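Asker: Sequence and predicted structure, then a few things I'm wondering about:
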Amino acid sequence: MTNQTALLSTKTLSLIQKQELVKANIQVIEADFIKTENASFEIKNLNKNLIFTSQNAVLSILQHPKIVELKQKNVFCVGLKTKELLNENGFTVEAYTGFAEDLAEIITLVYSDESFTFFSGNLRKDTLPEMLTENEITFNEIKVYDTTLTPHKISDKVAGILFFSPSAVTSYLKKNTLGNEKLFCIGNTTADALRAVLSETKIKNIKTAYQPSIENVIEQVIEYYT
């Protein structure tokens, strides 16, 4: 145990994800710093195309009585896992990107004459709607899930922390402070949430995944410590 690197994951990992770290002699402490729940919502004024920026939004609308109608629409989404979930459930994904700003750029450049309905969560970032508004893209937004912060005090000493959303950063900081831990982030908005609270000297501790997936964060962790 003494030679093991101890890390904190701010969400519970799957058994397979955890095993990859254990094989690399990395000990993982896990705690869920956010909780997501489906929200009740009404679908009206549905536009020609749909936008999803998370799997949580997809999981929520799959429960809706109008799901058959929704599947007739073309879909634009953020994240490979979101795309896979949509495909598995019979949606046609017209375009997907790793990051919200890239999706907004594609829509602006190629699909500016189209209209969109964006299915979002209560703590979603402003990036996508702001870029669509600035570029006069026709869209509306329906909130379909809620994220709540579930802060925990972590007393264990860890060498690094894995963050998978800006909300988890906010939640972690409610009961903990950041020292010299290496900070592994799933994407740019999560890294930006950390940069906003870190000093210049500590910003170098941030490492952002090449692809916004849990698996890629884990790959980077293993690469860094081995």
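Answerer: That came in fine, so what should we check first?
Asker: what comes into contact with the lowest-mean-pLDDT helix or strand in the chain?
Answerer: Lowest on mean pLDDT, DSSP states H and E among the helices and strands of the chain sits helix 200-203, with a mean of 89. Residues outside helix 200-203 that contact it (C-beta atoms under 8 Å, 6 or more residues apart in numbering): Leu178, Asn180, Leu194, Arg195. Backbone N, C-alpha and C define where each C-beta goes, glycine included.
Asker: Please apply the same query to stretch 84-91.
Answerer: With C-beta under 8 Å, 6+ apart as the test, stretch 84-91 has contacts from Leu50, Phe52, Gln55, Val58, Leu59, Leu62, Leu70, Lys71, Lys73, Val75, Cys77, Val93.
Asker: Can you add distance to Leu21 and give the residues you listed back as a markdown table?
Answerer: Compiled in a markdown table, these are given as follows (distance: C-beta to C-beta, whole Å):
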| residue | distance to Leu21 |
| --- | --- |
| Leu50 | 35 |
| Phe52 | 29 |
| Gln55 | 22 |
| Val58 | 27 |
| Leu59 | 26 |
| Leu62 | 31 |
| Leu70 | 37 |
| Lys71 | 37 |
| Lys73 | 39 |
| Val75 | 33 |
| Cys77 | 28 |
| Val93 | 31 |
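Asker: Kindly write the ChimeraX command that selects the buried subset of the residues you listed.
Answerer: The buried subset of these, as determined by 16 or more other C-beta atoms under 10 Å, is captured in ChimeraX by this line:
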select :50,52,55,58,62,70,71,73,75,77,93
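Asker: quick one: the residue nearest to the spatial centre of the chain from Glu200, how far?
Answerer: Geometric centre of the chain, nearest residue: Ser165, 5.1 Å, by C-alpha atoms, centre = their mean. Separation of Ser165 from Glu200 (C-beta to C-beta, to the nearest Å): 24 Å.
Asker: what do you get for Leu50?
Answerer: Per C-beta to C-beta, Leu50 is found 41 Å from Glu200.
Asker: now the top strand by length along the chain, how far from the centre of its chain.
Answerer: In the chain, taking DSSP state E as the definition, the longest strand is strand 138-149. Computed by C-alpha atoms, centre = their mean, to the nearest Å, the chain-centroid distance of strand 138-149 equals 14 Å.
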